[in-house]
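Participant: Below: sequence and its predicted model.
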Amino acid sequence: MKISIRCLMLLIAMLLVPATEGRSDDIIAPVPGMVTMVDLGAKSCIPCKMMAPILEELEQEYQGKAAIIFIDVWHDEDAAKRFKVSAIPTQIFFDRTGKEISRHVGFLEKQAIIDRLTPMLEKQ
């Protein structure tokens with residue numbers, strides 16, 4: 001009985017965790033065929049916390065045009081290795097073919113992100 005309760009609790013927990021909080025190998029980044037910005041940070045990092053509402057706004061504004069993805073590297077250390085991150089937050093911009101176009105380390109204002117995404121979207 002204890003085992004089935006634990007399994008049920010694990011299943012419920014897995015269903016409640018948003019995809020962007022999963023492991024990086026569960027997250028498709030960069031998104032094939034779409035301009036993508038991947039923000040690698042941590043939920044408890046102060047500059048990352050400052051960027052969270054900006055990323056949420058951009059995710060809504062660019063829905064269907066560009067993918068805005070957050071990966072918590074403290075939760076998923078493999079992502080830091082995969083994307084060769086040495087400090088957080090790090091933003092990586094990929095074109096629609098998956099080629100890295102630019103990278104920035106540290107807090108990035110909304111307009112600076114828009115300024116990087118706009119020319120990439122115009123080239124599509």
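Facilitator: Cool, got the structure. Numbering: from 1, shown residues only.
Participant: Count the residues that sit near K65.
Facilitator: K65: 12 surrounding residues under other C-beta atoms under 10 Å. Glycine gets a C-beta too; all of them are placed from N, C-alpha and C.
Participant: What average pLDDT does stretch 71-86 get?
Facilitator: Averaged across stretch 71-86, pLDDT comes to 93.
Participant: Could you check how far that stretch is from the centre of its chain?
Facilitator: Centroid displacement of stretch 71-86 relative to its chain, using C-alpha atoms, centre = their mean, to the nearest Å, is 10 Å.
Participant: Stretch 97-107 too?
Facilitator: 12 Å.
Participant: just stretch 109-124 next, same as before
Facilitator: For stretch 109-124 - counting by C-alpha atoms, centre = their mean - the centre lies 16 Å from the chain centre.
Participant: and it, which residues are buried?
Facilitator: Neighbour-count burial for stretch 109-124, with 16 or more other C-beta atoms under 10 Å as criterion, is recorded at I113, R116, L117, M120.
Participant: Closest one to P32 out of these, please.
Facilitator: When those are compared for distance to P32 (C-beta to C-beta), M120 wins out at 15.0 Å.
Participant: Who are the packing partners of the host helix or strand of the closest one?
Facilitator: Here M120 is covered by helix 110-122, with elements defined by DSSP states H and E. Applying 3 or more C-beta pairs under 8 Å, 6 or more residues apart in numbering; DSSP states H and E, one finds that helix 110-122 contacts strand 35-41, helix 46-61, strand 66-72, strand 90-94, strand 100-105.
Participant: Highest mean neighbour count out of those?
Facilitator: Greatest average neighbour count among those goes to strand 35-41 (a mean of 25), per mean count of other C-beta atoms under 10 Å.
Participant: what mean pLDDT does that strand have?
Facilitator: Strand 35-41 carries an average pLDDT of 97.
Participant: hang on, the earlier thing: hmm, who's touching the helix holding M120?
Facilitator: If you take C-beta atoms under 8 Å, 6 or more residues apart in numbering as the criterion, helix 110-122 is touched by 35, 37, 54, 57-58, 62, 65-66, 91, 93, 95-96, 101-102, 104.
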